[in-house]
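Asks: fold the following for me, if possible:
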Amino acid sequence: MLTQEELLQAIPQALDSVELPGWGEKIEGKVRDSYQRDGRRVLVTTDRVSAFDRVLGLIPYKGQVLNQLSAWWFEQTAGIAGNHLISVPDPNVTIAHEARSLPVEVIVRGYITGVTKTSLWYLYEQGDRRPYGIPLPDGLLKNDPLPRPIITPTTKAEKGGHDERLTREEILERGLVPAALWDEVEQAALAVFARGQEVARQAGLILVDTKYEFGLVDGRLVLIDEVHTPDSSRYWVAESYRPGGEEPENFDKEFLRKWFAAQGYRGDGPPPTMPAGFVAQVAARYIAAYERLTGRPFLPAPYPAASRILTNLAQYEI
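Replies: I've put the predicted structure just below:
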């Protein structure tokens, strides 16, 4: 683990964006940039952080952590579900197959929790015993484990559509995903989630819920985007969890969201500036998640990265 002083020193070097001359048009997302060429995509993970559907600032080494952690998870689950990964030529970069993404995001939940009006716990507390069309028993308390992990699909994360509740029936009726393919999606998602829960337990964490994106490469179903990172998954520290008790300690991006909410910010207007000490705390959380889950020390690559990325990419015929 890097020291607090090392993290503070890295803050001014946090990676906001990378220009790759000669690689065509850059497509800028909330937390990564991408370039497409000849059926492959170069994904450059930046240190941008987002919450409340807004980019809120920079956290040093966050991009490297998420890039390497997601690649590690792809390796761990390759025998369960295919993925779009080709190689990781740089700590900040993934070369991936160009995939046609499915229009449905897959949220797998192992616990009943959440505070928004579309969260599983909110719906259940309002008396809905079939949220997302899935029957749940009476008597569950907030943050209880579910009888079995369930899939709560949503429309793909386009602005304004993040929280659309879908059922299997609606997915099929609307022609979003064919029935046989959706069966394959569900099987793969539950199997990958089970593997994630197992690894999390070994790391002293609880994988509460997670978001998966799937796509097609030459007609083959694959996982895309990132998998089981602190940005795409909710983790609790196992020793802090008490069924029906107080909110467990988060080991994911919720730590960041809670700070902004405590400042009175929930996505409207300019966000408050994160103090350096808090930025270092968040960076330490991301790094700790990587180290606990993989069992490896995090070894940061030096900044800046653009020239090194171009050098590393030169060996690949893309």
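
Asks: average pLDDT across stretch 232-242?
Replies: When pLDDT is averaged over stretch 232-242, the result is 96.

Asks: equivalent analysis for stretch 94-101, please.
Replies: Rounded mean pLDDT across stretch 94-101 is 94.

Asks: may I see the buried residues of that stretch?
Replies: Residues of stretch 94-101 classed as buried: T94, I95, A96, H97, A99 (neighbour count, 16 or more other CB atoms under 10 Å). Using the backbone N, CA and C atoms, a C-beta is placed for each residue, glycine as well.

Asks: beta-bridge partners for the residue lying closest to the last one once chain neighbours are set aside, please?
Replies: Counting by CB to CB, 6 or more residues apart in numbering, G215 is the residue found nearest to A99 once chain neighbours are left out, at 3.2 Å. For G215, the beta-bridge assignment (DSSP bridges) gives partners S101, V222.

Asks: residues contacting G215?
Replies: H84, A99, R100, S101, L102, L221, V222, I224 (CB atoms under 8 Å, 6 or more residues apart in numbering).

Asks: can you map out the strands along this protein?
Replies: Ranges of strands within the chain are 27-28, 32-37, 40-45, 48-51, 54-58, 85-90, 93-97, 100-101, 104-111, 145-151, 154-155, 205-217, 220-224, 233-237, based on DSSP state E.

Asks: helices of the stretch 101-250 of the chain, start to end?
Replies: Taking DSSP state H, counting those that start in this stretch as the test, the helices found in the stretch 101-250 of the chain are 120-125, 168-173, 179-202.

Asks: how about the ones you listed in JSON lines, adding distance to A10?
Replies: Formatted as JSON lines, the helices of the stretch 101-250 of the chain follow (distance: least, CB to CB, whole Å):
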{"stretch": "helix 120-125", "distance to A10": "37"}
{"stretch": "helix 168-173", "distance to A10": "43"}
{"stretch": "helix 179-202", "distance to A10": "27"}
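
Asks: for those helices, which one sits closest to V18?
Replies: helix 179-202 (29.1 Å; CB to CB).

Asks: give the other helices and strands that that closest one contacts.
Replies: With contacts defined as 3 or more CB pairs under 8 Å, 6 or more residues apart in numbering; DSSP states H and E, helix 179-202 has these neighbours: helix 62-77, strand 104-111, strand 145-151, helix 168-173, strand 205-217, strand 220-224.

Asks: from the chain's centroid, how far away is it?
Replies: Its chain's average C-alpha position is 15 Å from that of helix 179-202, according to CA atoms, centre = their mean, to the nearest Å.

Asks: okay, now the unreliable bits of the protein?
Replies: Where the chain drops to pLDDT under 70, the residues are 157-163, 303-305, 316-318.

Asks: center of it, which residue is that?
Replies: Central residue of the chain (CA atoms, centre = their mean): S232, 1.7 Å from the mean position.
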